[in-house]
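J.: pasting the structure only:
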């Protein structure tokens, strides 16, 4: 009888060990998948450090999403105005250019009856020594919102923002 109990508890112990081994392998696989998804990967990182990096990365992504939502809401708010201004069209187009170091962001809101294309603006940027990184176009009611991000082809030379602003104003207004 005694021997049967030992075998019974031994079998359950082997079963627990096997389950634990499977659980650890599953956790290891999940952590390696997480390591691939987080930026700034290094060769060996502890699980705790990896989880901290992933948490920080997720927080940064959430902040970027919120910032972009606020910026979009601000652009839509700027473009909406009150009903009298909407009908007269006195507020359109709206041009906002942000420059930092060798990067440039252009936010342009105009009506659907515009007399230029996105290609025209991109051509101006390229002629002035900027490389377009991304461009986004939204249609919101009777308005089109353009967001164009670019950087200087040569960081030594930079970008002449006043000249770009003037050329875009000449094109749009």
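T.: Structure received. Source: prediction; values computed, not measured. Numbering: from 1, shown residues only.

J.: I'd like the distance between residue 153 and residue 15.
T.: Here the distance between residue 153 and residue 15 works out to 65 Å (CB to CB, to the nearest Å). C-beta here means a position set from N, CA and C on the backbone, and glycine is covered the same way.

J.: just want to know which of these two has more residues nearby.
T.: Counted by other CB atoms under 10 Å, residue 153 and residue 15 do not tie: residue 153 has more neighbours, with 14 against 10.

J.: can you tell me which residues contact that one?
T.: With contact set as CB atoms under 8 Å, 6 or more residues apart in numbering, residue 153 has these partners: 129, 130, 131.

J.: list the buried residues for the helix or strand containing the last one?
T.: Yep, that's residue 131 we're talking about. Residue 131 is part of strand 130-140 when elements are defined by DSSP states H and E. Of all the residues in strand 130-140, those buried under the rule 16 or more other CB atoms under 10 Å are 130, 132, 135.

J.: what mean pLDDT does the next helix or strand after that strand have?
T.: Helices and strands here follow DSSP H and E; after strand 130-140, the next one along the chain is strand 143-152. Strand 143-152 shows a mean pLDDT of 91.

J.: and stretch 127-134, by the same measure?
T.: On average, stretch 127-134 scores 91.

J.: show me how far that stretch is from its chain's centre.
T.: Distance of stretch 127-134 from its chain centroid, counting by CA atoms, centre = their mean, to the nearest Å, is 19 Å.

J.: can you check stretch 94-108 too?
T.: Here stretch 94-108 is found 16 Å from its chain centre; the criterion is CA atoms, centre = their mean.

J.: contacts made by that stretch with the rest, please.
T.: 71, 75, 78-79, 93, 109-110, 121, 125, 130, 133, 145-152, 155, 158-159, 161, 164-165, 168-169, 172.

J.: ends of that stretch, how far apart?
T.: End-to-end distance for stretch 94-108, by CA to CA, to the nearest Å: 6 Å.

J.: buried set for that stretch?
T.: 94, 99, 102, 104, 105, 106, 107, 108.

J.: the helix or strand hosting the last one pairs with which strands, parallel or anti?
T.: Translated: residue 108. If you go by DSSP H and E, residue 108 is part of strand 103-111. Sheet pairing of strand 103-111 (DSSP bridges) gives strand 94-100 (antiparallel), strand 143-152 (antiparallel).

J.: mind checking those strands for the one nearest to residue 36?
T.: Set against residue 36 and scored by CB to CB, these come closest in strand 143-152, at 26.7 Å.

J.: the closest one: what's the following helix or strand?
T.: helix 161-172.

J.: out of the buried residues of stretch 94-108, flag the one nearest to residue 54.
T.: Among the buried residues of stretch 94-108, and counting by CB to CB, the member closest to residue 54 is residue 105, at 28.6 Å.
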